[in-house]
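Asks: model this:
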Amino acid sequence: MTAERHDAWQAGDSYDGYMGRWSRKVAPLFLQWLDCRSRLSWLEVGCGTGALTASILDLCDPESLIATDASEGFIRKALVNVTDPRVEFRVEDAQALGLPSASCDVAASALVLNFVPDRVKAVREMKRVVRPEGMVAFYVWDYPGGGIEFMRAFWTAAVALDPGARDLTEDRRFPFCTSDGLIEMAREGGLRSIECIPIEVPTIFRDFEDFWKPFTLGAGPAPGYCVSLEPDVRERLREKLHQTISPEQDGSIRMKARAWAVKAVA
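Replies: Okay, the predicted model is just below:
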């Protein structure tokens with residue numbers, strides 16, 4: 001069995017509760033950094049439940065937007081979340097996009113390339129679809145640097161109870177999600193004039209239950225692992241986390257999430 005066995009990507013509502021709400025905070029900062037002019041044709045690769053999609057529509061005034069994802073479940077959720085007629089949602093494989101070459105101005109991707117089996121091939125596909133001198137841009141979480149503090153807290157507690165869980169952690173699985181690693185990935189994908197910056201946002205939970213519940217919903221590696229546990233083992237993990245998390249005086253839990261963002265010329 002492999003680490004990928006817990007990567008469940010069909011339950012859009014569950015993903016929104018786990019990571020989608022934090023991606024929605026990163027997306028506007030990412031687009032502000034891209035600083036694209038209006039009335040461009042956009043492609044989004046791995047749109048998930050529509051966090052970046054909605055921000056592109058709100059902030060970039062696109063002429064058109066094709067938003068793709070390999071998960072039919074996520075596309076169904078995105079269609080509910082985003083109803084703007086300028087966007088067309090499609091089920092597509094990031095490694096073999098069914099779009100003509102040089103057919104859009106910008107290709108963007110949020111929090112997905114690390115899960116694509118051949119991520120360099122996906123970057124090359126984004127480059128292929130973009131017109132000459134167009135932009136390819138993406139962001140992923142800073143897993144190796146502990147950039148997702150609530151995720152790091154979960155896995156630290158899980159590994160303390162189950163040392164075998166260490167091989168499932170995102171920092172072990174995605175060691176290339178660093179500034180140097182992503183720049184090299186962009187170079188291998190044929191891009192040039194590559195820039196990379198960190199983007200950090202707060203992740204604030206109302207209380208411990210708000211912190212814990214997303215891990216019980218099954219969407220993503222950590223929640224997938226959590227729901228695979230026997231109920232008594234899951235409860236021990238919950239208690240371990242409860243003991244290690246330090247809430248504020250009002251009971252809220254305040255942490256941070258950091259992503260690496262890349263933009264380059266096709």
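
Asks: rest of the way, CA atoms for contacts and neighbours
Replies: Noted.

Asks: burial measure for the closest residue in space to residue 139 that isn't next to it in sequence, as a count.
Replies: Spatial nearest neighbour of residue 139, excluding adjacent residues (C-alpha to C-alpha, 6 or more residues apart in numbering): residue 261 at 4.2 Å. Neighbourhood size, residue 261 [other C-alpha atoms under 10 Å]: 28.

Asks: can you pull up the bridge partners for residue 261?
Replies: residue 139, residue 197 (DSSP bridges).

Asks: which residues touch it?
Replies: 30, 137, 138, 139, 140, 196, 197, 198, 199 (C-alpha atoms under 8 Å, 6 or more residues apart in numbering).

Asks: Give me the buried subset of those residues.
Replies: 30, 137, 138, 139, 140, 196, 198, 199 (16 or more other C-alpha atoms under 10 Å).

Asks: most centrally placed residue in this structure?
Replies: In the chain, the centroid-proximal residue (C-alpha atoms, centre = their mean) is residue 111; its distance is 2.2 Å.

Asks: And the pLDDT at that residue?
Replies: Listed pLDDT for residue 111 reads 93.

Asks: Could you do residue 221 as well?
Replies: 87.

Asks: and the gap between it and residue 59?
Replies: In this view, residue 221 and residue 59 are 31 Å apart by C-alpha to C-alpha, to the nearest Å.

Asks: the more surrounded of those two?
Replies: Higher neighbour count among residue 221 and residue 59: residue 221, with 19 against 14, using other C-alpha under 10 Å.

Asks: Can you give me the neighbour number for the spatially closest residue to residue 127 that is not a sequence neighbour?
Replies: Nearest non-adjacent residue to residue 127, counting by C-alpha to C-alpha, 6+ apart: residue 266, 5.4 Å away. Using other C-alpha under 10 Å, residue 266 has 26 neighbouring residues.

Asks: residues contacting residue 266?
Replies: Counting by C-alpha under 8 Å, 6+ apart, the residues that residue 266 touches are 127, 130, 131, 132, 133, 134, 135, 136, 190, 191, 192.

Asks: just the residues you listed now: which is nearest residue 208?
Replies: residue 136 (38.5 Å; C-alpha to C-alpha).

Asks: thought that closest one was touching residue 122?
Replies: No. Between residue 136 and residue 122 there is no contact under C-alpha atoms under 8 Å: 11.1 Å.

Asks: Neighbour count for the two, which is higher?
Replies: A side-by-side neighbour count of residue 136 and residue 122, using other C-alpha under 10 Å, places residue 136 first with 29 against 20.

Asks: Model confidence for that one, exactly?
Replies: On the pLDDT scale, residue 136 gets 98.

Asks: try residue 2
Replies: On the pLDDT scale, residue 2 gets 57.

Asks: got it, and residue 77?
Replies: 89.

Asks: do the same with the one 10 residues further on
Replies: What the model reports for residue 87 is a pLDDT of 97.

Asks: residue contacts, it?
Replies: Per C-alpha under 8 Å, 6+ apart, neighbours of residue 87: 64, 65, 66, 67.

Asks: For the protein, give me the ranges with low pLDDT.
Replies: The model of the chain has pLDDT under 70 over residues 1-14.

Asks: show me where it has strands.
Replies: For the chain, the strands defined by DSSP state E occupy 41-45, 64-69, 87-91, 104-110, 130-141, 192-205, 253-265.

Asks: Distance to residue 179 added to those, as TSV?
Replies: Below are the strands of the chain laid out as TSV (distance: least, C-alpha to C-alpha, whole Å):
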stretch	distance to residue 179
strand 41-45	20
strand 64-69	25
strand 87-91	30
strand 104-110	15
strand 130-141	10
strand 192-205	6
strand 253-265	7
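
Asks: how near is residue 228 to residue 158?
Replies: Residue 228 is 12 Å from residue 158, by C-alpha to C-alpha.
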